[in-house]
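**Q** when you get a sec, could you give me coordinates for this:
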Amino acid sequence: MRAVIQRVSKARVLVDGRITGEIGNGLVALIAVGRNDIPENAAAMAEKIARLRIFDDAQGKMNLSLLDVRGALLAVSQFTLYGDARGQRRPSFMQAAAPDLGKALYEKFVDSARELGVPVETGVFQAHMSLELANDGPVTILLDSEKLF
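**A** Next comes the predicted model:
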């Protein structure tokens, strides 16, 4: 499982001009499921993101988590995070999960985050989405369940 995490002051996702998810202070998580992922990967990724200390404390140091600041999470599925463009111009998505597994584990990720007490908004799985956000910092973190980066 892969994620791109962005600390935001606000964000929203639209499908066909309709807002499907909107948050204020918190994190946007672009989530991709790999073909070998299992439910435990989704739960672990939710835990990692909820507890990732990337919000400023009173001294201005990144020392607080999403849970600490009582922020929200906007989770958006994005299989293209598994795009492999090494040595070619057209990315291969062979390492991305098939849609049925991708949807199940994306939903497991969302449910796991909610179980931790994080308010979660979402996009629509497999839809063409428009994402609007104000990156705060900017702070952007890459996560991979296989710890490749």
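**Q** can you report how many residues neighbour the residue lying closest to residue 116 once chain neighbours are set aside?
**A** Nearest residue to residue 116, sequence neighbours excluded (C-beta to C-beta, 6 or more residues apart in numbering): residue 50, at 4.8 Å. The way it works is simple: take the backbone N, C-alpha and C, and place the C-beta from them, glycine included. Residues lying near residue 50 (other C-beta atoms under 10 Å) number 22.
**Q** three-state assignment of residue 50?
**A** helix (DSSP: H, G, I helix; E, B strand; the rest coil).
**Q** ok, it - contacts?
**A** Residue 50 makes contact with 65, 66, 67, 73, 113, 116, 118, according to C-beta atoms under 8 Å, 6 or more residues apart in numbering.
**Q** mean confidence for the longest helix along the chain?
**A** Across the chain, the longest stretch assigned as helix under DSSP state H is helix 99-115. Computed over helix 99-115, the mean pLDDT rounds to 98.
**Q** would you mark the buried spots in that helix?
**A** 101, 102, 104, 105, 106, 108, 109, 110, 112, 113 (16 or more other C-beta atoms under 10 Å).
**Q** ok, now which ones touch the fifth one?
**A** This means residue 106. So residue 106 contacts 31, 33, 42, 75, 77, 125 (C-beta under 8 Å, 6+ apart).
**Q** how about a cut-off of 6 Å?
**A** 31, 77, 125 (C-beta atoms under 6 Å, 6 or more residues apart in numbering).
**Q** hmm, back to that, which one of the buried residues of helix 99-115 is nearest to residue 134?
**A** Distance to residue 134 across the buried residues of helix 99-115 (C-beta to C-beta) is lowest for residue 113, with 21.1 Å.
**Q** follow-up on the earlier one: can I get the buried part of the contacts of residue 50 as one ChimeraX selection?
**A** A single ChimeraX command selects the buried members of the contacts of residue 50 (16+ other C-beta under 10 Å):
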select :65,66,73,113,116,118
